[in-house]
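Participant: Quick one, fold the following:
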Amino acid sequence: MEFSELRRLRNAFGAFLTGITVVTTRQANGTPRGFTANSFTSVSLDPPMLLVCMDKQADSLDVFLESSGFGISILAENQIDLSVLFASKQPDKFEITEWTDSPGGYPVLDGACAWFDCERCNQVDAGDHIVLFGKILNFDYNSKYGLGYVRGGYMTPGLEYSAGRAYGSDSPVVVGAIIEHEGKILLYDDQENTDVYLPASGLDGNSGSLQQLQSSLIEQGIWIVIDSLFAVYENEDHASQSIYYRGSARKVERPELFRPIDQIPWDRISSPALKSMLNRYLEESSRKRFGIYFGSDRNGTIQSLV
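Facilitator: Predicted coordinates:
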């Protein structure tokens, strides 16, 4: 299959909404190893079995093939940071993560919405991956929502539900996003009153949507990936709702629309809510610890995603 077709096939696979797991085991000397995987599937209830697919290029492949078992943590919707961490080559993953040993001795991550303790009972060579089959020895779960992943971006079901209630209100809805690209933020100029504002749909008084926003950006040569919700709030003076996401641009044909973060013209942002939201984004981005704001354009609360 040609490279262009492989990319199209990857995009087709990406249309399937999955959960996110972190798969762990231990080296012979006891050192914990782990990786992020969304190719996880329940196989059987009786006997209890599951499977996970592992890239043959993974650094820890031999460790998992030599180990007698593994642990799986299904990440909760506020654990995007752990998904990113265990997908990286950062060597101190387990030093900066809170976890405990499963009864079988494999690390399971604190805060996950479910975990499984598995004995490796089979493995299958499958193209560029190895399929690991696990016999479930122990498991547990809680009432948290799991983290979702589709088309290259994360989904947070419980938080999306909160946004959905805003969509379902009788008030007009503005749907916007803070989009970052190479250390710059996408900002528009209003030539009539010199205002600077974030990209959004629904600014004309009709309810917008994320699909409208994405379509509008594509028309301008900007393709984006949405990472998470960032703010859901009511505009008290205008009897409308605002929903803002955060994300990044994966392809940009008009880089002049992006402004360096340290050159944001704060004096030209007339909306106190947008100014506060951008300030919070910069602060949370510097700490790499994001939250989601719920409330009004005057006061509210921030729910942490870490």
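Participant: The longest helix along the chain: what's the following helix or strand?
Facilitator: Among the segments of the chain that qualify as a helix by DSSP state H, the longest is helix 272-287. The helix or strand immediately downstream of helix 272-287 is strand 291-296, counting by DSSP states H and E.
Participant: Parallel or antiparallel, which strands does that next one pair with?
Facilitator: Taking DSSP bridges as the criterion, strand 291-296 sits next to strand 222-235 (parallel), strand 300-304 (antiparallel) in its sheet.
Participant: Phi, psi for residue 216 please.
Facilitator: phi -60, psi -40 (degrees, to the nearest 10).
Participant: wait, doesn't it sit right on residue 199?
Facilitator: Yes - counting by C-beta atoms under 8 Å, residue 199 is a contact partner of residue 216 at 7.3 Å. Using the backbone N, CA and C atoms, a C-beta is placed for each residue, glycine as well.
Participant: And those two? Which one has more around it.
Facilitator: Neighbours were counted for residue 216 and for residue 199 using other C-beta atoms under 10 Å; residue 199 has more, 22 against 14.
Participant: Give me every residue in contact with the helix or strand where residue 54 lies, excluding its own residues.
Facilitator: Assigned by DSSP H and E, residue 54 belongs to strand 48-55. Outside strand 48-55, the residues that touch it by C-beta atoms under 8 Å, 6 or more residues apart in numbering are 21, 23, 35, 37, 39-43, 61, 64, 70, 72, 116, 118, 121, 126, 128-136, 139.
Participant: what about burial for the residues you listed, which qualify?
Facilitator: Buried members of the contacts of strand 48-55, scored by 16 or more other C-beta atoms under 10 Å, are 21, 23, 35, 37, 40, 61, 64, 70, 72, 116, 118, 129-136, 139.
Participant: got any ranges where the chain has weak pLDDT?
Facilitator: Counting by pLDDT under 70, the chain shows low-confidence ranges at 153, 157-170, 191, 193, 304-306.
Participant: Relative to residue 127, how far out is the most centrally placed residue in it?
Facilitator: Most central in the chain under C-alpha atoms, centre = their mean is residue 154, positioned 3.0 Å from the mean C-alpha point. Going from residue 154 to residue 127 by C-beta to C-beta, to the nearest Å gives 26 Å.
Participant: And residue 263, by the same measure?
Facilitator: Taken as C-beta to C-beta, the span from residue 263 to residue 127 is 47 Å.
Participant: Please apply the same query to residue 218.
Facilitator: 32 Å.
Participant: Mind checking which of those two has more residues around it?
Facilitator: Applying other C-beta under 10 Å to residue 218 and residue 127 shows that residue 218 carries more neighbours, namely 13 against 8.
Participant: okay, the strands paired with strand 291-296, which one's buried deepest?
Facilitator: strand 222-235 (a mean of 21; mean count of other C-beta atoms under 10 Å).
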